[in-house]
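In: Fold the following, please.
(one chain, ligands or ions: 2)
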Amino acid sequence: MVGDLSLKFIGKEPICDLKKGVFGFPISSHRVSFSAGELKNGRVRTGVCAVMKVGVENTEISRDLEKFEGVLGLDIVSEEELKEKGFLGLRKTKLVCTIGPACCSLDDLEKLALEGMNVARLNMCHNTREWHQNVIRKIKKLNEEKGFSVSVMIDTEGSQIQVVDHGAPSSVKAEDGSIWDFTTEKFEGSRPFTVQANYEGFSEGINVGDELVIDGGMATFEVVEKIGNDLRCKCTDPGLLLPRAKLSFWRDGRLVGRSDELPTLSTKDWSDIEFAISEGVDFIAMSFVKDADAVTHLKNYLSTKSSKSIKVLAKIESLEALHKLDEIVEASDGIMIARGDLGVEIPLEQIPTVQEEITHCCRKFNKPVIIASQLLESMVEYPTPTRAEVADVSEAVRQYADALMLSGESAIGPYGQKALSVLRMTSGRMELWSREENRESVLFENKLEASVPDKIAEQICNCAAGMANNLGLDAIFVYTRHGQMASLISRNRPNPPIFAFTNDSSTRMALNLQWGVTPIFIDLSDDMEANINRSINLVKTKGLIKDGDAVLVVSDIIPTSTAQTVFQSIQYDDVMKLDFGTHIDGHIVDCAFTLAFNPMFNPLFEASREATNTGIKEAGIDGGSAIQEVMESYGVEINGKVCQGIVIG
Ligand SMILES: Nc1ncnc2c1ncn2[C@@H]1O[C@H](COP(=O)(O)OP(=O)(O)OP(=O)(O)O)[C@@H](O)[C@H]1O
Ligand SMILES: CC(=O)C(=O)O
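Out: Ligands and ions are numbered 1, 2, ... in the order given. Have a look, this model is predicted:
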């Protein structure tokens, strides 16, 4: 992991507010670099380096513009949005659409892509292999020929106890007091008042008196008799039975776990995964994940079978998954909060808090999260959403979910594009409100568990996001091969948009799901200066950035070129000090930071801290002697030798 941070100003004016210089004074070209190379045990680890550069002369830009070449793989929708609304107008929340019969033509898919669909979701529960293949190919065709960048996700069917047949072609009403048989017996056609379940062992451990709940509350029955494996039930809360309705059993107000023996991935799911690999999808959303092992197993399988990197998302839709949330989130590449099936296993009133907890957990582990199901359910039938639905969407955006998903609204409803536009406009409005309220002024503080270089990269990204917010920068440019730093910055939910330049097409497609990140495909070299200049010139040539815009540049690309002599290596035992001062009309502003990796230096930090506090307290002509006294009272043991603190300057 490598980090590389620099500030780049386009155009003549030195900037700070940033457009007027720091405290009104011009900023000179200035560069600081560091890189953590060797660690204590002598093993060479990947380096971490940072570059800060302020000020670029106009001539440099003009010179680079002359030699500009290459292609900027920015999708046409982001490009249009950027031209129309500017950096801060770019939507941060990503949008996922379930593709079904109502939106599977090339024309419909193009309309959804134009309306802002970032990811197309295909649920393998429905329709044929050929149908899915056809849709995937149409999406790839649109990406290639029309300049979109829509990622493809498939959902595995997973294993769950559900209705195979309920005696009617579509929905059927269960009346109060009516008696129904639930069975796994296979029979031709349909029988009235008979529901066929998909799983042989569905009634094991179920007692007379238990409650059988349909689809989390569509209808409720009481088990009145067990006949072999079959259950005879009386309807106690009338309602609808839909095709593929989910069955759950409850006793004394608690869920009776029934799906333990069902495999997370069935034989059909494995065959769908093979299909997904062969079609080169970008994400596989795994249904009914119970633990981290299932996710790890699939990830390992994909890493050996697929030449491209396919990301594995775990769908959180059972009580079991909630109990193992941390381990599942940590093991996966992202999460889908499948509120539909989750509502079958937990009381509905718990969904909002559970959603917020899962979203928070994903932030903690830096994994993208999709909030799914019933966001605009009424739009499956009606052209406008309810006010409550818009409030639900806004709440998901307020929680900083990475993505929102449409299900039946786009798959079967006649108003799919309109529903997508409601998501887009509601997200944009809420994002603006959050920014104006400066809700994310306190950056996300949970640290990720990682190696020292990764922690440093994380800190660089946290600083970068804070700096971009505090200085009111226009954009953050991240140069990344695997998307790690783009994702670490996104985790901080900064105000400016994040443009992730990558030369890896899997990374580009994966970043489509990450909050606030606009992925851009571009050729990258080891020469960061060349990468920065080329990409800025390309962006500039397209008219997407203008003189005076301030861009923060972060990179995780390790420079190998010998020309990069500017990078200095900082060892584990080194102490790095970054100190800068300026004056405004004779008033001096001084600022310094110190960074060390070896805890041996902690007493030195304590001495400096106490001396600084004394300096602040005693501020005045004689403050220096008080500082000196405190500093000299400290003895710091460094490599076995006790050294006395001294004040320099
Ligand atoms: N490819 C498809 N072909 C036909 N109908 C589809 C297709 N995809 C979705 N649908 C329809 O759209 C509705 C919503 O689909 P979606 O897959 O989001 O929900 P679901 O069927 O409840 O499954 P899950 O619980 O896995 O989300 C489904 O009820 C189904 O009728
Ligand atoms: C999306 C999904 O699978 C659910 O909400 O159940």
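In: so where is the stretch 351-500 of the chain shaky, pLDDT-wise?
Out: Across the stretch 351-500 of the chain, residues meeting the criterion (pLDDT under 70) sit at 438-450, 452-453.
In: Can you name the residues of it that neighbour ligand 2?
Out: 372-373 (CB under 6 Å from any ligand atom). Just so you know, the C-beta spots here come from the backbone N, C-alpha and C atoms, and that holds for glycine as well.
In: which residues of the stretch 351-500 of the chain fall in strands?
Out: 369-372, 403-406, 475-479, 498-502 (DSSP state E, counting those that start in this stretch).
In: Of these, which is nearest ligand 1?
Out: Closest to ligand 1 of the strands of the stretch 351-500 of the chain is strand 369-372 (CB to the nearest ligand atom; 7.1 Å).
In: Now find how far off-centre the closest one is within its chain.
Out: Between the centre of strand 369-372 and the centre of its host chain there is 10 Å, according to CA atoms, centre = their mean, to the nearest Å.
In: Tell me if Thr594 really is in a helix.
Out: No: counting by DSSP: H, G, I helix; E, B strand; the rest coil, Thr594 falls outside a helix, being strand.
In: rewinding a little: okay, the strands of the stretch 351-500 of the chain in a markdown table with mean neighbour count and distance to Arg435 next?
Out: Below are those laid out as a markdown table (neighbours: other CB atoms under 10 Å; distance: least, CB to CB, whole Å):
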| stretch | mean neighbour count | distance to Arg435 |
| --- | --- | --- |
| strand 369-372 | 28 | 20 |
| strand 403-406 | 26 | 18 |
| strand 475-479 | 27 | 14 |
| strand 498-502 | 28 | 14 |
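In: got TSV for these, with distance to Gly217 too?
Out: Below are the strands of the stretch 351-500 of the chain laid out as TSV (distance: least, CB to CB, whole Å):
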stretch	distance to Gly217
strand 369-372	19
strand 403-406	22
strand 475-479	45
strand 498-502	41
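In: Now do the residue in the chain that ligand 2 sits nearest to: how many residues are near it, please.
Out: Proximity of the chain to ligand 2 (CB to the nearest ligand atom) peaks at Gly340, 2.8 Å away. Other residues near Gly340 come to 18 when the count uses other CB atoms under 10 Å.
In: try Lys111
Out: Residue neighbour count, defined by other CB under 10 Å, stands at 15 for Lys111.
In: thought it was touching Gln417?
Out: Yes: Lys111 is within contact range of Gln417, at 5.3 Å (criterion: CB atoms under 8 Å).
In: Next to ligand 1, which bits of the chain? Give me the list.
Out: 98, 100-101, 123, 125-127, 155, 287, 340-341, 407-408, 411-412.
In: at 5 Å instead, please
Out: Contact residues (CB under 5 Å from any ligand atom) of the chain with ligand 1: 98, 100, 123, 126-127, 340, 407-408, 411-412.
In: just these now: which is nearest Ile358?
Out: Distance to Ile358, by CB to CB, is smallest for Gly340 among the residues of the chain next to ligand 1, at 14.3 Å.
In: pretty sure the closest one is in a helix, no?
Out: Yes: remark: Gly340 belongs to a helix, assigned using three-state DSSP.
In: what pLDDT does it get?
Out: Listed pLDDT for Gly340 reads 92.
In: Now do the contacts for it.
Out: Gly340 sits next to 317, 372-374, 407 when contact means CB atoms under 8 Å, 6 or more residues apart in numbering.
In: Which of those fall within helices?
Out: Applying DSSP state H to these, no entry is found in helices.
In: Just give me the closest of these to Arg435.
Out: Ala372 (25.0 Å).
In: quick one: that closest one and Arg339 touch, right?
Out: Yes: Ala372 is within contact range of Arg339, at 6.2 Å (criterion: CB under 8 Å).
In: Against which helices or strands is the helix of greatest length in the chain packed?
Out: When every helix of the chain is counted residue by residue (DSSP H), the longest turns out to be helix 416-436. For helix 416-436, the elements it packs on are strand 94-98, helix 106-114, helix 387-398, strand 403-406, helix 408-411, judged by 3 or more CB pairs under 8 Å, 6 or more residues apart in numbering; DSSP states H and E.
In: Could I get the buried residue list for the third one?
Out: Translated: helix 387-398. 389-390, 392-394, 396-397 (16 or more other CB atoms under 10 Å).
In: Return the residues in contact with Ser421.
Out: For Ser421, the contact set (CB under 8 Å, 6+ apart) comprises 115-116.
In: and the gap between it and Ser410?
Out: Ser421 sits 11 Å away from Ser410, going by CB to CB, to the nearest Å.
In: what do you get for Gln374?
Out: Gln374 is 13 Å from Ser410, where distance means CB to CB.
In: Name the residue in the two with the higher neighbour count.
Out: Neighbours per residue (other CB under 10 Å) separate Gln374 from Ser410, with Ser410 holding more: 32 against 17.
In: Can you tell me the closest non-neighbouring residue to that one?
Out: Gly416 (3.7 Å; CB to CB, 6 or more residues apart in numbering).
In: Could you give the number of residues near Phe275?
Out: A total of 16 residues lie near Phe275 under the criterion other CB under 10 Å.
In: Who are the packing partners of the helix or strand hosting it?
Out: In this structure, Phe275 sits in helix 267-279 according to DSSP states H and E. Other helices and strands packing on helix 267-279, by 3+ CB pairs under 8 Å, 6+ apart, are helix 129-146, strand 151-155, helix 292-305.
In: Tell me the helix or strand right after it.
Out: As assigned by DSSP H and E, the chain's next helix or strand after helix 267-279 is strand 283-286.
In: For that next one, report the contacting residues that lie outside it.
Out: By CB under 8 Å, 6+ apart, the residues outside strand 283-286 that reach it are 119, 121, 151-156, 158, 264-265, 273, 276, 294-295, 298, 302, 310-315, 332-334, 336, 510, 513.
In: Pretty sure Val636 sits in a helix.
Out: No: checked against three-state DSSP, Val636 lies outside a helix; its state is strand.
In: quick revisit: Val517: which of the helices and strands packed on helix 416-436 is closest?
Out: Comparing the helices and strands packed on helix 416-436 by CB to CB, strand 94-98 comes nearest, at 8.5 Å.
In: Ends of stretch 532-551, what's the gap?
Out: Distance across stretch 532-551, first residue to last, is 11 Å (CA to CA, to the nearest Å).
In: Numbering from 5 from now on, please.
Out: Sure, I'll start counting at 5 from here, so that last one is stretch 536-555.
In: host element of the closest residue to Met471 other than its chain neighbours?
Out: Using CB to CB, 6+ apart and skipping residues adjacent in sequence, the residue nearest Met471 is Leu556, 6.3 Å away. Here Leu556, judged by DSSP H and E, is contained in strand 554-559.
In: Who are the packing partners of that strand?
Out: Packing partners of strand 554-559 (3+ CB pairs under 8 Å, 6+ apart): strand 8-13, helix 456-474, strand 479-483, helix 488-494, helix 532-545.
In: hang on, the earlier thing: mind listing what's buried along the longest helix of the chain?
Out: Within helix 420-440, the residues that count as buried by 16+ other CB under 10 Å are 420-424, 426-428, 430-432, 434-435, 438-439.
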